[in-house]
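**Q** Sharing a sequence plus its predicted fold:
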Amino acid sequence: MVGIPRAAIQVGWVLHINGDKVPWWRVVNKRGRISTTCMEHTANMQKTLLESEEVKVSDDLMIDMNIYRFIPDERFLDKLNLDDEYIQVLIDKYGV
C-alpha cells in the first residue's frame with residue numbers, strides 16, 4: 001500500500017527490529033497465513049497475540065482475509081502522501 005511492491009522482506013525486517021514498539025503480530029502474508037520463522041517472535045506467539053485481539057486463527061495458522069484485512073479509507077491514504085494515480089489504484093483494488 002505504500003507504493004513499494006514486493007517489499008515484504010523490508011517490512012518484515014522493520015517489524016522485527018521494532019517488535020516492542022509496533023504491533024508486528026497484526027501482519028500476515030497476503031494469503032492470510034502467519035509466516036514468521038523468527039525464533040524471537042514465533043508463529044505460535046503471533047497466533048496467541050492475534051487471538052487475544054479476538055482474531056480467529058486456524059490450526060494451520062490462517063486467518064480469513066475477507067474478514068480481517070485492513071482496508072484504509074481515503075483519509076488514511078491521503079496521509080501517506082502517495083501519488084494520486086497510486087491512490088486510485090488502491091481505491092479501485094479495495095473499493096475504498
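**A** Here it is on my side, so go on.
**Q** ok, now which ones touch the most centrally placed residue in the chain?
**A** Centroid-nearest residue in the chain, with C-alpha atoms, centre = their mean: residue 27, separated by 3.3 Å. Applying C-beta atoms under 8 Å, 6 or more residues apart in numbering to residue 27 gives the contacts 11-12, 15. Bear in mind the C-beta positions are built from the backbone N, C-alpha and C, glycine included.
**Q** low-confidence ranges in the chain?
**A** Within the chain, the stretches with pLDDT under 70 are 1-5, 96.
**Q** in it, which spans are helices?
**A** 8-17, 43-52, 65-68, 74-79, 84-94 (DSSP state H).
**Q** circling back: tell me the spacing between the residue nearest to the centre of the chain and residue 82.
**A** 19 Å (C-beta to C-beta, to the nearest Å).
**Q** Just give me the closest of the contacts of residue 27 to residue 37.
**A** residue 12 (9.7 Å; C-beta to C-beta).
**Q** what number of residues lie near residue 25?
**A** 21 (other C-beta atoms under 10 Å).
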